[in-house]
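Engineer: here is a sequence with its predicted model. Questions after.
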Amino acid sequence: MKLSWRELRERSEGVTLQETVELPNLVKENRQLIKLEPVRAVLHGTEASAVALLQGSLQSKATYRCSRCLTDFSEDLHVPFDEHFMQVTEDKLSAEEGTDYDDDRNLIVGEQFDLVPYLEQAINLALPYRPLCNQDCAGLCPQCGVNLNEASCSCQTERIDPRLADLAKFFEKDS
């Protein structure tokens with residue numbers, strides 16, 4: 001998915017982009033992301049004073065692995081997209097690299113630029129850090145490994161600090 005500065009400058013009403021993009025790198029980079037459907041991007045871009053504003057939304061369906069019970073589940077993704085791009089020359093870009101550039105604008109060299117890395121970044125930031133199949137997920141039994149959402153187990157899950165184990169035996173004799 002590419003965008004050109006010339007196209008942005010020629011249209012005063014802006015440019016609308018509607019495309020479906022495959023982002024296979026996201027699945028490779030995220031261990032708990034099992035599958036990501038092609039991302040539907042609907043973006044509108046305008047340009048003023050060599051700064052492009054691109055806004056819109058990204059939609060897809062993601063399949064995750066629950067971080068507690070390890071079952072796979074799917075969820076719809078709706079991600080807002082809002083990025084600023086600034087066209088610079090090659091020498092200005094090298095001058096900006098040495099300084100602490102504290103602006104939200106992405107510096108772009110050239111007449112045309114690829115939006116896929118910025119789409120990947122927006123989707124990546126919207127992915128949950130620890131995906132859960134539901135908020136009340138009980139997870140797996142730490143001893144036998146049974147999924148506690150589907151069945152219960154008879155394992156003793158109470159842990160006693162080994163330093164206090166003798167104290168626990170003392171109280172068992174009294175009762």
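Structural biologist: Thanks, I have the structure now. Owing to the predicted nature of the structure, the values given are computational and were not obtained by experimental measurement. Numbers count the residues shown, from 1 in each chain.

Engineer: all contacts plus neighbour counts: C-alpha atoms, from now on.
Structural biologist: Fine.

Engineer: the strands in this protein, which residues?
Structural biologist: Taking DSSP state E as the criterion, the chain contains strands spanning 2-4, 15-21, 33-36, 39-48, 51-65, 72-88, 105-109, 112-114.

Engineer: the ones you listed: lowest mean pLDDT?
Structural biologist: Among the strands of the chain, strand 105-109 carries the lowest mean pLDDT, a mean of 73.

Engineer: direction included, what does that one pair against?
Structural biologist: Here strand 105-109 is paired, per DSSP bridges, with strand 72-88 (parallel).

Engineer: just want the angle from the strand it pairs with to strand 51-65.
Structural biologist: Here strand 72-88 runs at an angle of 160 degrees relative to strand 51-65 (axes from the mean of the first three to the mean of the last three CA atoms, to 10 degrees).

Engineer: which parts of strand 72-88 are buried?
Structural biologist: For strand 72-88, burial by neighbour count (16 or more other CA atoms under 10 Å) applies to 72-73, 77, 79-81, 83-88.

Engineer: circling back to that earlier point, how about the strands of the chain in a markdown table, adding distance to K169?
Structural biologist: Shown next, in a markdown table, are the strands of the chain (distance: least, CA to CA, whole Å):
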| stretch | distance to K169 |
| --- | --- |
| strand 2-4 | 71 |
| strand 15-21 | 63 |
| strand 33-36 | 46 |
| strand 39-48 | 60 |
| strand 51-65 | 41 |
| strand 72-88 | 43 |
| strand 105-109 | 65 |
| strand 112-114 | 68 |
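
Engineer: in this structure V109 contacts F85, no?
Structural biologist: No - using CA atoms under 8 Å, V109 is not in contact with F85, being 10.1 Å away.

Engineer: D161 versus K169, what's the distance?
Structural biologist: From K169 across to D161, the span is 12 Å (CA to CA, to the nearest Å).

Engineer: again, but for C69
Structural biologist: If you go by CA to CA, the gap between C69 and D161 works out to 26 Å.
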